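# I'll drop the sequence and a predicted model, then ask my questions.
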2 protein chains.
Amino acid sequence: MPADSSPGYPPELSPEEERYLVTNVKDWSIAHGLAVRPAPSFVESSQDPAGVLATTAPVTLFPSLFPHTCFEQGLAIQKAYNELYSAIARDEEWLQEIVKELIEIDDFVGKLWQTHLAVKEAGYVQDLSLGLFRSDYMVHSDSSGSGTSLGLKQVEFNTIASSFGGLSSQVSNLHKYLLTVDAYPPSATAIIKPDSLRQSNSTSSLAQGLAVAHKAYGQSRTGRTLCVLFVVQEPERNVFDQRHLEYALLEESGVCSFRLPFHQTLLHTKLESDRTLLYSPPNSPSYLYEVTTVYFRAGYSPDDYPKEEDWRARLHLEKSRAIKCPSILTHLAGCKKVQQVLATPHSPHLKRFLSDDGVASHVLATFAPIYPLDDSEAGKEAIRLATHPETANRYVLKPQREGGGNNTYRKAIPQFLKDLPQTHWPAYILMEMIEPPPLRNIIFRNGEVQRGGVICELGVYGVCLWRNGSGKNAPGEVLHNWEAGYLLRTKGDQSEEGGVAAGFGAVDSCCLVDI
Amino acid sequence: MPADSSPGYPPELSPEEERYLVTNVKDWSIAHGLAVRPAPSFVESSQDPAGVLATTAPVTLFPSLFPHTCFEQGLAIQKAYNELYSAIARDEEWLQEIVKELIEIDDFVGKLWQTHLAVKEAGYVQDLSLGLFRSDYMVHSDSSGSGTSLGLKQVEFNTIASSFGGLSSQVSNLHKYLLTVDAYPPSATAIIKPDSLRQSNSTSSLAQGLAVAHKAYGQSRTGRTLCVLFVVQEPERNVFDQRHLEYALLEESGVCSFRLPFHQTLLHTKLESDRTLLYSPPNSPSYLYEVTTVYFRAGYSPDDYPKEEDWRARLHLEKSRAIKCPSILTHLAGCKKVQQVLATPHSPHLKRFLSDDGVASHVLATFAPIYPLDDSEAGKEAIRLATHPETANRYVLKPQREGGGNNTYRKAIPQFLKDLPQTHWPAYILMEMIEPPPLRNIIFRNGEVQRGGVICELGVYGVCLWRNGSGKNAPGEVLHNWEAGYLLRTKGDQSEEGGVAAGFGAVDSCCLVDI
């Protein structure tokens, strides 16, 4: 595909071309909040104790080439994925079966499950649940049949703290702007046409998701002002990504939101006797707001729970009447184990949740084979593959947990497993490496221009609001379900991790090409 | 007024209140491009050679209280001021009389006039002229009559490079946002009501001014793409202020613009034989654009002309067929001397330009008495006042030139004049100090919070496009004339200069109060 069809993309830039492009990127990005707080390695906190400095978010100078059909495939299937994960989150019985073998070996999953059980014992008082999902894919170049075919293969499905929706809209606007002001050389504009650029409406669309939850919460039970609560990490370098959602929520829907550092949860929130969640802002502790929706942009990683108090905080929020985005069960539905169970060849599970065979087959087509590392038949086969360097070379080993940075790749897998007690192996899943076609781009980060081979990951956002049921005969229902824009994340092909904020990648947009 | 009517404004802030307010300001400002590049004293260029860092522009945390009637007075009179300065710029004969006594003593004014004469000799080929003006005022508390009355008094009238229109819109949005998210303590919101905040539409309205000039230029004469040229200083820390106008021009009117560092003018522009101005962008030198409008955000200060080549550049642009914003004559109309001649008590000049007596009297009411330092009767009186410390204490001495930073205040005036050859005195004007009522606010700059007494300066933007005439019987005509939003600039009352970019003040917005 593009590697062959557009070998000169992006073109070589003269010093003047690069300077003009970079100057436009630097200015436009700050003028439009396509920004992050600088890393401590760039600006030490002693130099800027108040934290007022900002810098351009890592971005690509050009939109990356992306197969048109794959892009449309990802967008078209998002509603089915929303439905699938909503159904999983509503099926406690099934989820328990899946999760139970992890509980003993993954303390984090165990703690999440215990939290769910504690809430269940007290009784759930909120039957609405919100998902702001992101399904991540890579283009897979399959040359096993006759000729090479391209299709999307799912990397992971994020059910909590799906990030970069606030910046993604801005990057697609940036690339469109650069095209408009002739910042791209003529050899590039032969490929980048206005029609081939795809705007991502993720900021507005995700904020709209929070707004429908807020509205579905209903009237205030306390007569107090209603608000949405963004539960966040602190400090947060990627704060503008989150702020854009807050601002869109306020401007487009008139809904007020507040940022609550997760570790301050118990300090600034309390439950009424009917478990209505009240928030007292630190600047005005006597004024209480009633929280309609808790939006977790923290709490997805064990690192967010250094103290026992943090688990009490999660339980406290989970027990509340506020709509959670996501609930504990939805959070657990995002375990890699769930993805693995669905994607293990010949798995019977998908049809449990997607009754429409056509829809199910479209979803199935986006699964890359994933194996458990347990004593099932598939697991035994996987262990055989993973423990030998040659066969392991086609795989990636991933922990069940959310958030990048913990994967083990290819030939490193056998030694990694050797160092791990075999009883812990089921905490990992083995996934066939997706083989993306070679691409090139230029990443701009911290003022540096890095050109080279890149790997792109397409994330498709989804919004889903549903009512939980009360068992098999009352399985609940989906109230809102829509595709909510996209993210393209691009990293140098020397790096095997793709988190932009972690310094390994850049936010990008799609220039669609027909293969 | 406010000093008495709102003694507790802005209120004292608890540490938590201040932290919440500052956090919201820091994040909102960067997310919305209310930003500047950091000063070298904050971030050395060696640390950020690519210049990617940005910081919140100096802003006030609260909107300053401003008398409602004075605000309306300033906005209402702007069209008359546009008409006045357009008429002055069209009256070469009158302007020559005014300027001629400066030519010998102010080299910069002399050079500007010579440039005009050189263009005149070659023949002006563009009879349209654009002004993006800003009339600056302070509230003057007059206790000479019975009781105290408040009115606006003009500080200066800017005919070139009127800045901060791009940031002013954002500051008024910021203060409105802070009110909406309850970042102001209850004692402040008793005063700051949504109705009392005034949004400034300066970004959009000034960009619209450039758009009407662009359109009035007419069809391309060369078949090339038309564009607007922003002639700028380099480096420019206040770049986002300018960029917001560029982006609004593109988004709202579809007009493309480019930034040309003034000192590169001769390198990247050329004149066709019919004096059509062509621009070749450095990134794509073989592609030529036809320039409809030259917008000067540089060239207003002698510092912009270190080499003789820079004067050739100004002449080159001035001779071109592009519409200039402003033309040399409009630039010269902004001399303090013109302001002085109009505002000297009993001056006959105003009625020459404003035929409507009612309009003229409204304009006249905004003049603070200004005296020449020459051998006229008013000049002799002024010299007597300025050379004695006691009488000088009520005055400010200003050079004829645009741009702050060169004023001499009160008791410092006699010694300043003593050190200056008396032949140079006419290069200055003596202006009665405007006595603003005491106010307080909090300025946020470089992460520091500075609380104290402040002085506010209201700037009202005006857009005027006119056709120059060809003499007394064909005086030209005004084609477009509108008020274009406002700027409130606030500085600590210990400082006597008010340029925000120079580090002496902050961008603010108006909270209107009835006296």
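On my side now, so go ahead. Residues are numbered from 1 along each chain as shown, chains lettered A, B, ... in the order given.

# going forward, measure contacts and count neighbours with C-alpha atoms only.
OK.

# which residues of chain A score low on pLDDT?
The model of chain A has pLDDT under 70 over residues A:1-6, A:400-405, A:495-504.

# please parse it into its domains.
Split into domains by automatic domain parsing, chain A comes to A:2-368+A:434-513, A:369-433.

# of those domains, which is nearest B:Leu102?
domain A:2-368+A:434-513 (40.0 Å; Cα to Cα).

# number of residues surrounding A:Ser376?
11 (other Cα atoms under 10 Å in any protein chain shown).

# err, A:Ser143, not the other one
Other residues near A:Ser143 come to 10 when the count uses other Cα under 10 Å.

# could you dump the domains of chain A to CSV with distance to B:Val52?
Converted to CSV, the domains of chain A look like this (distance: least, Cα to Cα, whole Å):
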stretch, distance to B:Val52
domain A:2-368+A:434-513, 6
domain A:369-433, 27
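
# for B:Glu97, which of these is the nearest?
B:Glu97 lies closest to domain A:2-368+A:434-513 among those, at 44.0 Å (Cα to Cα).

# wasn't A:Ser220 part of a strand?
No: under DSSP: H, G, I helix; E, B strand; the rest coil, A:Ser220 falls outside any strand and is assigned coil.

# and it, what does it touch?
By Cα atoms under 8 Å, 6 or more residues apart in numbering or on different chains, A:Ser220 lies in contact with A:226, A:290.

# ok, it to chain B distance?
Computed as Cα to the nearest Cα, to the nearest Å, the A:Ser220 to chain B distance reads 18 Å.

# OK, contacts around the residue of the stretch 351-500 of chain A found nearest chain B?
In the stretch 351-500 of chain A, the residue that lies nearest chain B is A:Gly447 (5.1 Å; Cα to the nearest Cα). The contact partners of A:Gly447, by Cα under 8 Å, 6+ apart, come to B:48-52.

# of these, keep whichever come out buried.
With burial judged by 16 or more other Cα atoms under 10 Å in any protein chain shown, the buried subset of the contacts of A:Gly447 is B:50-52.

# dump those residues into CSV; add distance to A:Ala360 and secondary structure as well.
Formatted as CSV, these follow (distance: Cα to Cα, whole Å; DSSP: H, G, I helix; E, B strand; the rest coil):
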residue, distance to A:Ala360, secondary structure
B:Ala50, 50, coil
B:Gly51, 50, coil
B:Val52, 47, coil
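
# and the stretch 151-300 of chain A, which residues reach chain B?
A:181, A:183, A:185, A:239-240, A:243-244, A:256-257, A:282-284 (Cα under 8 Å from any Cα of the partner chain).

# can you pull the buried residues of the longest helix along chain A?
Once chain A is assigned using DSSP state H, the helix that runs over the most residues is helix A:68-90. Judged by neighbour count using 16+ other Cα under 10 Å, the buried positions of helix A:68-90 are A:70-71, A:73-75, A:77-90.

# what lies in contact with it?
Residues contacting helix A:68-90 (Cα under 8 Å, 6+ apart): A:94-95, A:131, A:133, A:135, A:137, A:139, A:150-152, A:329-330, A:332-333, A:353-354, A:359, A:362-363, A:460-464, A:466, A:468-469, A:475-476, A:478, A:481-483, A:485-486, A:512-515.

# and the helices in the stretch 351-500 of chain A?
Remark: helices assigned in the stretch 351-500 of chain A by DSSP state H, counting those that start in this stretch are A:357-364, A:377-386, A:389-392, A:413-418.

# quick one: distance of the first one to the chain centre.
In this case it means helix A:357-364. Counting by Cα atoms, centre = their mean, to the nearest Å, helix A:357-364 is centred 22 Å from the centre of its parent chain.

# angle of that helix against helix A:68-90?
Taking axes from the mean of the first three to the mean of the last three Cα atoms, to 10 degrees, one finds helix A:357-364 and helix A:68-90 inclined to each other by 110 degrees.

# list the contacts for A:Phe230?
For A:Phe230, the contact set (Cα under 8 Å, 6+ apart) comprises A:257-260, A:294-297.

# host element of it?
strand A:226-232 (DSSP states H and E).

# can you name the next helix or strand after that strand?
Taking DSSP H and E, what comes next after strand A:226-232 is helix A:239-253.

# restricting to C-alpha, output that following helix in CSV.
The C-alpha coordinates for helix A:239-253 follow below in CSV (Å, rounded to 0.1, in the frame of the first residue of the first chain):
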residue,chain,number,x,y,z
VAL,A,239,-4.3,18.5,30.9
PHE,A,240,-5.5,20.4,27.8
ASP,A,241,-6.7,17.2,26.2
GLN,A,242,-9.1,16.9,29.1
ARG,A,243,-9.9,20.6,29.4
HIS,A,244,-11.1,20.7,25.8
LEU,A,245,-13.8,18.2,26.8
GLU,A,246,-14.7,20.3,29.8
TYR,A,247,-14.9,23.5,27.7
ALA,A,248,-17.0,21.8,25.0
LEU,A,249,-19.3,20.4,27.6
LEU,A,250,-19.8,23.9,29.0
GLU,A,251,-20.1,25.8,25.8
GLU,A,252,-22.1,23.3,23.8
SER,A,253,-24.3,21.9,26.5
